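fold the stuff below for me.
(one chain, ligands or ions: 1)
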Amino acid sequence: MAAAASVTGLVTWARSLVRSPGPGRRLSLAGPRPEAETIPVNRSLRDHGNGLRRGARGGGGGGGGSLVAGRDGGAAAAAAVAVAPAPALSVMRRSSPEQEPEAGWEADAAEAAESLAAEAGEQLRVDAGAAGEPEHPEREEQPKAVGRDPSPARRRAPEEGDARVVRRLPPALPLAPPRPAARALNQLVKARGRSRGRSYRRSSGSVRPVTVDSSKARTSLDALKISLRQLRWKEFPFGRRLPCDIYWHGVSFRDNDILSGQVNKFPGMTEMVRKITLSRALRIMQNLFPEEYNFYPRSWILPEEFQLFVAQVQTVKDGDPSWRPTFIVKPDSGCQGDGIYLIKDPCDGRLTGTLHNRPAVVQEYIRKPLLIDKLKFDIRLYVLLKSLDPLEIYIAKDGLSRFCTEPYQEPNPQNLHHVFMHLTNYSLNIHSGKFVHSDSASTGSKRTFSSILCRLSSKGVDIKKVWSDIISLVIKTVIALTPELKVFYQSDIPTGRPGPTCFQILGFDIILMKNLKPMLLEVNANPSMRIEHEYELSPGVFENIPSLVDEEVKVAVIRDTLRLMDPLKKKKEIHFPDIYMDRKHRIPPVSDRMSSWKHKGSSLPIVRSQQVEKPFTSKEDLNCELAGDSDSNPEAHLPSICLKQVFPKYAKQFNYLRLVDRMANLFIRFLGIKGTMKLGPTGFRTFIRNCKLSSSSLSMAAVDILYIDITRKWNSVTLDQRDTGMCLQAFVEAFFFLAQRKFKLQPLHEQVASLIDLCEYHLSLLDEKRLVCRRGQPHQRNPPQMNRPAHSAADSSAPRVIGASKLSHS
Ligand code: ADP
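Numbering: from 1, shown residues only. Reported below is the predicted structural model:
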């Protein structure tokens, strides 16, 4: 691949091969592929809100204002002060992540990157399509009417985004006849299920296979079915009267019927990763550890921080008139690029016009992303949160890269509204006439991440460093999310009450900057697990086409998540070779299967039938062939696990960051009533008393005033009316206040760590006293050393005061 003039000056290559798939090489329908003329989409951001958005729009207010007007408009949050000051713009430019030197930490986990890239090299022959799904949170599942779309231009393409809107019912309950490809897939899957389901036993000698309820799997159903077949587990597609070992939900945790087993969603995760909530959680961490959390662009929460946003930008501009920032505005309720636009001026009419009816996050725009083929791209990585307490995190060794379809230029007033230049969303770019359905894992508008690493590696980029920075970003982000997740967890599944344990696959959207520093864009609670994509046969007529790149990545993620959660071998250690797997294993990778079809010169109609038949045939055959040795090792027929543990493996490097987690443990201890998420005034007073925080300078009356002030402010900001009382963020703010008063002249994180130590010390003393009272024995303990470095306490042990033992799987 010839090198071309580099836009970034770092890593940019010619794209010529990508855009010219030869006949038969492209994963597309036979016959003319409807291009832009069949999907009339205006490519400007101005039109993006109009033409591409699903659902009705209100009348716009002229120009870009129409982009965001009229959509669900949640009530405006009352203007209020944020929990902690927004990032100081005085240091915005100086410490801009785009100018940051690369982080020093490099986990030895980065070895995975090499094997991944090596594997990617093997996969360059992959013939692939793009896929995904559009979903909306908590909406009812809707069957898609075949060939009935009165407004093709408005149609949203499937995307690797939040799996939020569910398109169709499980195959067992069709409301409309499935389309040919999907029908064939379903029939095949059913047939396989029938032929295996009755007879197989778990080859490990267990009396029964693991049972999985897939009745709520929704759009992840196909990938799940394939995974279960590979694992030889027992699927219950309509649910089961008896309890199952695992419940696989497509969208939500909510299900009051589940009293045992494991469910693949955490309560509260969807709320936690919304744009505003995520920004708040990361803001707290940025205030504590500004250097460590500089992987998230500076963000302001609107409308409450609008004045702050304007003022801070103005301050910097006054200091440096040559500064020309760009900001990206993202509606809190949006997904798949919906309603997003770029602005140069904080007082832009689009922003001010919708400020109070559409809560949003406005964020510093990353102006210098890494380009490949002159195009901006982002990375979707799959992360398994296996357990909250103890914290266990795994990262999938491969993910997906989604490309823009218009060559990138740094933002200027002329290109600000070019959707296909600035937004990488698949659901948007699929509508571009320049969208290239991939004919291999390393070309086209959607590729595997491993192919990107491979390409970077071949250009001399230190991909170990890239990979270790990504691992670091993921661990730090999860550490920011877990405190509140624990509060949700104890609220939904209080200790002592029956309920399932939880795990969850998250989708991390990451962008690499020109200097190769990864930046977090967002986290998806329900990443699309679809392994097919829509193809528009003619205007308004769509067909689902299997997407083998998606299958390759997503089936491995689901299957290996299940393997890690296998309740029947929980105690057994799982061995994780670092080398990525398929080459030396019995199930051939999708890429091999694809390339074998390609060599036979299949055009898509033939490919389509083969895609359905052949891979499964070969896979099944191989499984059967290999069944012989599976008695000794039940997973002998499977590839090695594609999920790599990163926590607690690297706990030592990151434990010092878990201060808010320890605050959440204190918070939960004093919540009192089971099932609540907010601390009452009595709980707060008890916290102060038990931790001996009141003094001559902090009377209990002052404590009450502190409680009232902070609680009132947060309740007006969060609009969370479920309970009255103090939410976790309010508690954190109060805690910061107390820490700053008590331990003056230290950096914030040291003040906070010292106060946590003090609280934990007094509480453990109290617990011991209570124990001693019961046993009638004396005891002696030394107080903690208050001014020691923050990380020593976090390193020392697991939090001592959590009362939520159910958070643990083990
Ligand atoms: P959504 O949930 O609507 O997809 P995202 O936060 O993922 O919202 O943003 C959509 C797209 O906008 C991203 O895929 C990325 O291409 C671009 N983007 C988002 N934030 C930034 C940013 N701070 N700088 C540059 N590009 C961004």
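
quick one, strands of the stretch 651-800 of the chain?
Here the stretch 651-800 of the chain has no strands by DSSP state E, counting those that start in this stretch.

check residue 786 and give its pLDDT.
Looking at residue 786, its pLDDT reads 48.

do a quick rundown of the strands in the stretch 351-500 of the chain.
360-364, 371-372, 375-387, 392-396, 400-403, 446-448.

rank those strands by pLDDT, which is bottom?
Mean pLDDT, when computed for each of the strands of the stretch 351-500 of the chain, is lowest for strand 446-448, at a mean of 92.

what does the protein put close to the ligand?
161, 297, 328, 330, 334-338, 340, 363, 365-366, 378, 423-425, 509, 521-522 (CB under 6 Å from any ligand atom). Where C-beta positions appear, they are placed from N, C-alpha and C, glycine not excepted.

recalculate using a threshold of 8 Å.
159, 161-162, 275, 297, 328, 330, 334-340, 363-367, 369, 376, 378, 402, 404, 422-425, 509, 511, 519, 521-522, 524 (CB under 8 Å from any ligand atom).

following the helix or strand of the chain with the lowest mean pLDDT, which helix or strand shows up next?
Lowest on mean pLDDT, DSSP states H and E among the helices and strands of the chain sits helix 604-626, with a mean of 29. Downstream of helix 604-626, the next assigned helix or strand under DSSP states H and E is strand 643-647.

adjacent strands (with direction) for that next one?
strand 392-396 (antiparallel) (DSSP bridges).

the partner strand to strand 375-387, inter-axis angle?
150 degrees (axes from the mean of the first three to the mean of the last three CA atoms, to 10 degrees).

so where is this structure shaky, pLDDT-wise?
1-207, 256, 570-632, 719-722, 777-810 (pLDDT under 70).

state the next helix or strand along the chain beyond the longest helix seen in it.
In the chain, assigned by DSSP state H, the helix with the most residues is helix 463-492. Following helix 463-492 in sequence order, the next helix or strand is strand 501-502 (DSSP H and E).

now the end-to-end length of stretch 397-404.
23 Å (CA to CA, to the nearest Å).

returning to what we had before: and of the strands of the stretch 351-500 of the chain, who's closest to residue 568?
Judged by CB to CB, the one of these that comes nearest to residue 568 is strand 375-387, at 16.2 Å.

how about that closest one as PDB, C-alpha atoms only?
Coordinates of each C-alpha in strand 375-387 appear next as PDB, following Å, rounded to 0.1, in the frame of the first residue of the first chain:
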ATOM      1  CA  LEU A 375     -10.100   9.600   7.200                       C
ATOM      2  CA  LYS A 376     -11.100  10.000  10.800                       C
ATOM      3  CA  PHE A 377     -12.100   6.800  12.600                       C
ATOM      4  CA  ASP A 378     -13.000   5.600  16.100                       C
ATOM      5  CA  ILE A 379     -12.600   2.300  17.900                       C
ATOM      6  CA  ARG A 380     -15.300   0.200  19.500                       C
ATOM      7  CA  LEU A 381     -13.800  -2.000  22.200                       C
ATOM      8  CA  TYR A 382     -15.700  -4.600  24.200                       C
ATOM      9  CA  VAL A 383     -15.100  -4.700  27.900                       C
ATOM     10  CA  LEU A 384     -16.500  -7.200  30.300                       C
ATOM     11  CA  LEU A 385     -17.300  -6.000  33.800                       C
ATOM     12  CA  LYS A 386     -17.300  -9.400  35.500                       C
ATOM     13  CA  SER A 387     -17.800  -8.300  39.000                       C
END
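
tell me what angle it forms with helix 463-492.
Using the same axes, to 10 degrees: strand 375-387 against helix 463-492 is 50 degrees.

burial of the residue of the stretch 251-400 of the chain found nearest the ligand, as a residue count?
Closest to the ligand within the stretch 251-400 of the chain is residue 366: 3.6 Å, counting by CB to the nearest ligand atom. Residue 366 has 21 neighbours, counted by other CB atoms under 10 Å.

what does residue 399 give?
25.

can you check residue 775 too?
Residue 775 - counted by other CB under 10 Å - has 8 other residues nearby.

any idea how far it is from residue 761?
21 Å (CB to CB, to the nearest Å).

what of residue 408?
54 Å.

so between those two, which is more surrounded?
residue 408 (24 against 19).

I'd say that one and residue 372 touch.
No: when contacts are counted by CB atoms under 8 Å, residue 408 is not listed as touching residue 372 (10.0 Å).

which of the residues in stretch 278-298 are buried?
278-290, 292-298 (16 or more other CB atoms under 10 Å).

quote the end-to-end distance of it.
Per CA to CA, stretch 278-298 runs 12 Å from first to last residue.

swap in stretch 429-437?
Terminal-residue distance, stretch 429-437 (CA to CA): 11 Å.

one step back: in helices, which of the buried residues of stretch 278-298 appear?
Using DSSP H, these in helices are 278, 279, 280, 281, 282, 283, 284, 285, 286, 287, 288.

those: which two are farthest apart?
Farthest pair in these, by CB to CB: 278 and 288, 16.2 Å.

number of residues surrounding residue 675?
Neighbours of residue 675 (other CB under 10 Å): 12.

let me see the contact set for it.
The contact partners of residue 675, by CB atoms under 8 Å, 6 or more residues apart in numbering, come to 491, 492, 494.

out of those, who's nearest residue 743?
Distances from residue 743 to these, taken by CB to CB, are shortest for residue 491, at 31.1 Å.

show me what contacts the closest one?
267, 268, 675, 676, 677 are the contacts of residue 491 under CB under 8 Å, 6+ apart.

tell me how far it lies from residue 295.
30 Å.

one more: residue 353?
For residue 353, the distance to residue 295 (CB to CB) stands at 32 Å.

and for residue 699?
Residue 699 is 42 Å from residue 295, by CB to CB.

same check, this time on residue 276
19 Å.

again, but for residue 659
Taking CB to CB, one finds residue 659 at 18 Å from residue 295.

now do the contacts for residue 261.
243, 244, 245, 246, 247, 500, 501, 567.

ok, the nearest residue to residue 723 once chain neighbours are set aside - contacts?
Excluding the flanking residues, the one nearest residue 723 by CB to CB, 6 or more residues apart in numbering is residue 678, at 4.2 Å. By CB under 8 Å, 6+ apart, residue 678 lies in contact with 671, 722, 723, 724, 725, 726, 727.

right, I'll leave it there.
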